[in-house]
Structure formats: structure tokens, C-alpha cells
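Participant: Okay, here's the prediction I keep looking at, along with the sequence it came from:
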Amino acid sequence: MTVVGIDDTDSRMRGMCTTHLASEVADALVAEGASVDRLLLVRLNPAIEHKTRGNAALAIHTDCDPEQTFELARERIGNLSETDDPNTQPGLVVAPGDPAELPSAVVEFARRAVGEHLALEEALVLLDEAGYSHRGWAGGRGRIGALAAVGAHRALSERTYELIAYRERERWGTPREVDPDSVFAAAETEYPDVWDTVDRGTGDTVCVPRTPGPVLYGIRGDDPGAIGRVAERIESEPVARRTLFVTNQGTDAHLREGTIGAVENDHAYRLDGTVSNPPETRRGGHVFLEIGEGDDRLRCAAFEPTKRFRDRVRALRMGDRLTVCGEVSEGTLKLEKFAVRELNRIEYRNPRCPDCGRSMESAGRGQGYRCRRCGTSAERKAEIEVDRDLDRGWYEVPPTARRHVAKPLVRGGFDGPVHPER
């Protein structure tokens with residue numbers, strides 16, 4: 001067996017897509033008489049500054065000879081990569097051997113790449129130690145992701161799937177022709193095995209990208225058969241090819257357990273804490289709150305693109321006990337989801353006069369409360385139980401705002417009730 005790793009061949013401005021290039025390499029291998037067992041689409045650390053939109057690296061598992069595979073992949077990458085973009089630095093790695101039996105150091109590198117920042121120097125040392133063939137273009141930073149993709153088969157503890165439909169080349173850069181009604185109808189037939197195809201709250205077809213490039217749509221889910229049935233029901237312009245990828249999308253693979261006082265920027269966490277400052281809506285519609293106590297406090301944010309999720313955040317109060325998930329950037333955790341563990345249902349109000357029913361007023365510092373009309377008094381504020389607009393359990397951003405690697409609540413496996421967005 002031979003494992004091919006490819007990364008960083010696309011461009012934010014000029015388009016292209018590394019998944020498409022990997023699909024082309026796979027087709028070329030088959031044309032040479034080889035077989036392809038699977039293609040992997042691996043989402044790496046979403047906080048990496050050099051990423052394009054989804055920070056995906058690709059792997060191909062084939063029975064083709066490693067040397068022939070390397071030459072074939074090298075030619076395709078050299079011809080198709082968007083290296084005119086100064087931010088594009090493609091990388092290619094070819095490793096001989098069964099993908100389930102690759103060295104532990106390569107597997108560990110792949111695990112770390114999903115949640116950490118790794119240096120090209122470290123990747124090059126490991127490549128030389130393993131004896132893998134590799135090539136970089138325009139700096140070759142993509143060899144980090146390519147090596148991670150090579151080790152991903154063993155590194156992934158949870159797998160999902162995506163079927164990507166590609167456009168005919170002459171249509172690249174033109175408006176996509178996909179019937180939205182057919183997408184919504186198709187999505188309904190296989191939900192929840194197929195998820196994040198549409199956003200029923202905003203009316204968006206989430207599976208159809210807006211960026212330039214070859215992708216027409218991508219259907220994600222847990223069941224390849226269900227994914228295929230959804231794709232068949234979508235009415236669209238002609239499809240040049242469809243390719244099924246094994247992925248780590250929708251798995252929360254990027255999250256690490258942590259504590260509020262020990263978080264680092266550009267890493268994603270799952271943290272427990274209590275709301276210490278109530279939600280505040282600021283200019284632009286962004287909502288901020290604070291969790292923790294004493295010196296160990298962390299600002300959390302639900303930014304405007306998370307839309308209706310912000311209403312869930314606004315409904316929180318001081319004293320609510322939470323688990324929060326998201327990436328920390330510049331000292332702020334960008335909320336992807338949160339779980340209400342315990343709601344503070346107690347509110348303290350000025351006591352009411354037992355004679356006239358009016359609200360008492362402060363009688364002065366440390367002197368309790370007094371009714372100005374009746375002269376009655378009370379020592380302290382009244383403790384009132386209030387209704388809350390939240391229940392215990394997990395809440396998440398809508399599909400339009402979900403990161404590729406973030407796990408939708410509908411997939412299950414969460415430690416509490418779930419309130420999915422769809």
C-alpha cells in the first residue's frame with residue numbers, strides 16, 4: 001500500500017480546492033491501473049493563520065507503487081496548484097506501507113495537527129526519519145498538513161463522510177445553478193443521518209459554497225448511503241464528478257479539555273465555568289459575557305454571524321454554571337456551543353410591604369428596607385424564583401455558522417440533553 005498526503009494547493013482569492021486536486025490524482029491513479037481504497041479529508045487546527053477557509057489536508061490510499069505515485073502526484077500538483085497566490089505553499093508526502101500500520105510518531109503528529117500549531121522544521125525532521133518522499137512548492141509549508149493527512153487514518157478516533165460534487169471546468173467562477181427547493185427537500189429525507197445540508201432558520205443552502213472554485217456542493221453525514229441518496233435528489237447544473245471522502249468533520253476533534261486559568265490563544269477548548277459578568281450586546285450585534293472567578297476569568301463571545309445563537313447567550317445570567325466550547329483568540333473564547341449545567345433561578349428584589357403591597361426602599365446603608373407609606377420594615381432583600389428562557393443541556397450555533405470540525409448536537413454522544421439547530 002501507498003499513502004499520499006496533499007495540502008495547501010488552493011487560494012482564498014483565486015479558488016481551486018485541494019479536495020478537487022486529490023480527486024484528480026485518485027482518478028489518474030485508477031487510469032494507470034491502480035486501485036484507490038479511500039480518500040481522507042482531514043480538518044486541521046481551525047485557528048491556523050495560514051489556512052484557507054477550512055484548513056483541510058487530503059490523503060489517498062492506493063496500491064500503486066510509491067515511486068510512480070510520487071511522480072504522478074507531483075505532476076498534478078505542479079500543474080494545478082494556485083502557486084501564483086503568495087499565500088499558497090503546496091506540499092506532497094508519499095509514504096509506503098499500510099496506513100493502519102504507519103509509525104506512531106507520524107500518527108501522533110497527525111493528532112497534534114488537529115489542535116496545535118506545528119512547524120515545518122518538525123515535519124521535515126520527521127519526514128527524513130521516516131524516509132518518506134516529499135516535495136514542497138513556494139516554501140512548501142503544506143508538507144505539515146500533508147504529513148498529518150498521511151497519519152490521519154490511525155489518528156482519527158471518529159469518522160464521518162462527505163460527498164463532494166464538482167463543477168464542469170468551464171463553469172468555474174460563474175454563479176452556481178443549484179435548485180434550493182430540491183436541496184431542502186432532499187435534506188429532509190435523510191436527516192439526521194445527513195446533517196448541515198441546509199439552515200432552516202436562515203433559509204441558506206449550507207452545502208453550496210459561495211467561494212470561487214470547482215465545488216458545486218458537499219453533503220455531510222454519518223451514512224454514505226444516505227449521503228448519496230441526498231445528492232441524487234438535488235437538481236443542479238451538470239456534475240463533472242462526485243467523490244466520497246472519509247473525514248473528521250463534525251467530530252469536535254479540535255477541542256481539548258482545559259481550565260480557564262490555563263488557556264492559550266489559537267487553541268480550542270472545552271471548559272467549565274460560572275457566569276461572572278452577564279451578557280452584553282455591543283456594537284455590530286456581538287454578544288460578550290465572562291465566566292470564572294477571581295483572577296481566573298475568561299471572556300466569551302457569540303459574534304453576529306452566529307445569528308439566533310446569540311439569543312441563547314443573552315438568556316444567560318450571573319451564577320449560571322456552564323460548559324463552553326470554542327477557540328481562544330486574543331484572550332476571547334469564540335463560542336461554538338455551550339451546555340447549561342445549572343441555572344441560577346434566584347433573583348433578589350426589594351421586599352414588598354405586607355400591608356400595602358408596594359415595593360420598599362432602602363432605609364440607608366446597613367439599615368434594611370422600609371415602606372415610606374406604612375412604616376413597615378424588612379432586614380434584607382426578598383429572594384424570588386424567576387422563570388428562565390433556557391433549559392439545562394447543550395446549545396449550538398446554527399449550521400450557517402458551524403465550523404467544519406465542530407460536532408452538531410444531532411450527532412449525539414453529548415453528556416446532557418441537546419437542543420439541536422437545523
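Facilitator: Great, that's in hand.
Participant: in the sheet, who's paired with the nearest residue to Thr332 once chain neighbours are set aside?
Facilitator: Using CB to CB, 6 or more residues apart in numbering and skipping residues adjacent in sequence, the residue nearest Thr332 is Arg299, 4.7 Å away. In short, each C-beta sits where N, CA and C put it, glycine included. Beta-bridge pairing for Arg299 (DSSP bridges): Glu290, Thr332.
Participant: was I right about Arg299 contacting Val287?
Facilitator: No - under the criterion of CB atoms under 8 Å, Arg299 is not in contact with Val287, lying 11.1 Å apart.
Participant: of these two, who's got more company?
Facilitator: Legend: neighbour count by other CB atoms under 10 Å for Arg299 and Val287, higher for Val287 (22 against 15).
Participant: where's that one relative to Pro278, distance?
Facilitator: To Pro278, Val287 is 10 Å away according to CB to CB, to the nearest Å.
Participant: Could you do Leu124 as well?
Facilitator: Relative to Pro278, and taking CB to CB, Leu124 is found at 49 Å.
Participant: Next: Ala268.
Facilitator: Taking CB to CB, one finds Ala268 at 25 Å from Pro278.
Participant: Same question for Ile6.
Facilitator: 47 Å.
Participant: give the contact list for Gly326.
Facilitator: 268-269, 300, 333-337 (CB atoms under 8 Å, 6 or more residues apart in numbering).
Participant: cool, Ser276 as well?
Facilitator: 290-293, 297, 318.
Participant: Please indicate which of the residues you listed are buried?
Facilitator: Among the contacts of Ser276, those classed as buried by 16 or more other CB atoms under 10 Å are 290-292.
Participant: Just send those residues back as a markdown table, with pLDDT and distance to Thr376 too.
Facilitator: As requested, the buried ones among the contacts of Ser276 are exported to a markdown table (pLDDT from 0 to 100; distance: CB to CB, whole Å):
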| residue | pLDDT | distance to Thr376 |
| --- | --- | --- |
| Glu290 | 97 | 38 |
| Ile291 | 97 | 40 |
| Gly292 | 95 | 41 |
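Participant: got the buried residues for stretch 218-235?
Facilitator: So, applying 16+ other CB under 10 Å, buried residues of stretch 218-235: 218-222, 224, 226-231, 234.
Participant: That stretch: end-to-end distance?
Facilitator: 14 Å (CA to CA, to the nearest Å).
Participant: what is the rounded mean pLDDT of stretch 264-280?
Facilitator: Averaged over stretch 264-280, pLDDT sits at 95.
Participant: chain center to stretch 230-250, what's the gap?
Facilitator: 19 Å (CA atoms, centre = their mean, to the nearest Å).
Participant: first to last residue in it, what's the distance?
Facilitator: 18 Å.
Participant: Show me which positions of that stretch end up buried.
Facilitator: So, applying 16+ other CB under 10 Å, buried residues of stretch 230-250: 230-231, 234, 236-237, 240, 242-250.
Participant: Would you check which pair of these lies furthest apart?
Facilitator: The most widely separated members of the buried residues of stretch 230-250, counting by CB to CB, are Glu237 and Asn248 (29.7 Å).
Participant: Wait, a strand at Val125?
Facilitator: No - looking at Val125 with DSSP: H, G, I helix; E, B strand; the rest coil, it is helix, so not inside a strand.
Participant: distance of it from Tyr132?
Facilitator: 12 Å.
Participant: neighbour count winner among these two?
Facilitator: Tyr132 (24 against 11).
Participant: surely that one meets Gly151?
Facilitator: No - counting by CB under 8 Å, Gly151 is not a contact partner of Tyr132; they are 10.6 Å apart.
Participant: higher neighbour count, Ala268 and Pro278?
Facilitator: Ala268 (27 against 14).
Participant: Pairing partners for the one helix or strand the more buried one maps to, with directions?
Facilitator: Under the criterion of DSSP states H and E, Ala268 resides in strand 267-281. Strand 267-281 pairs in its sheet with strand 255-257 (parallel), strand 287-293 (antiparallel), strand 321-329 (antiparallel), by DSSP bridges.
Participant: which parts of it are buried?
Facilitator: Here strand 267-281 shows 267-276, 279 as buried, counting by 16+ other CB under 10 Å.
Participant: go on, stretch 351-358?
Facilitator: 351-353.
Participant: what's in contact with it?
Facilitator: 359-360, 369, 371, 373-374, 376, 378, 380-382.
Participant: Of those residues - the most surrounded one?
Facilitator: Met360 (23 neighbours).
Participant: Grab the nearest non-local neighbour of it.
Facilitator: Here the residue nearest Met360, using CB to CB, 6+ apart, is Tyr369, at 3.9 Å.
Participant: What's opposite that neighbour in the beta bridge?
Facilitator: Ser362, Ala378.
Participant: Touching, Gly91 and Leu21? I think so.
Facilitator: No - the pair Gly91 and Leu21 does not pass the contact test of CB under 8 Å, sitting 11.9 Å apart.
Participant: now the buried residues of stretch 218-235 in TSV, with secondary structure, distance to Phe414 and pLDDT?
Facilitator: What follows is the buried residues of stretch 218-235, written out as TSV (DSSP: H, G, I helix; E, B strand; the rest coil; distance: CB to CB, whole Å; pLDDT from 0 to 100):
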residue	secondary structure	distance to Phe414	pLDDT
Gly218	strand	24	98
Ile219	strand	23	98
Arg220	strand	18	98
Gly221	strand	18	98
Asp222	coil	15	98
Pro224	helix	24	98
Ala226	helix	21	98
Ile227	helix	22	98
Gly228	helix	27	98
Arg229	helix	27	98
Val230	helix	24	98
Ala231	helix	28	98
Ile234	coil	30	98
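Participant: show me where the stretch 301-422 of the chain has strands.
Facilitator: Along the stretch 301-422 of the chain, counting by DSSP state E, counting those that start in this stretch, strands occupy 321-329, 332-342, 346-349, 361-362, 369-370, 377-378, 382-385, 393-396, 418-419.
Participant: Identify whichever of the ones you listed lies nearest to Ala187.
Facilitator: Nearest to Ala187 among the strands of the stretch 301-422 of the chain is strand 393-396 (17.3 Å), distances taken as CB to CB.
Participant: For the closest one, which outside residues touch it?
Facilitator: 309, 312, 336-340, 402, 406, 408-409, 414, 416-421.
Participant: Which members of these are classed as buried?
Facilitator: For the contacts of strand 393-396, buried by 16+ other CB under 10 Å: 309, 312, 336-340, 402, 406, 408-409, 414, 418-421.
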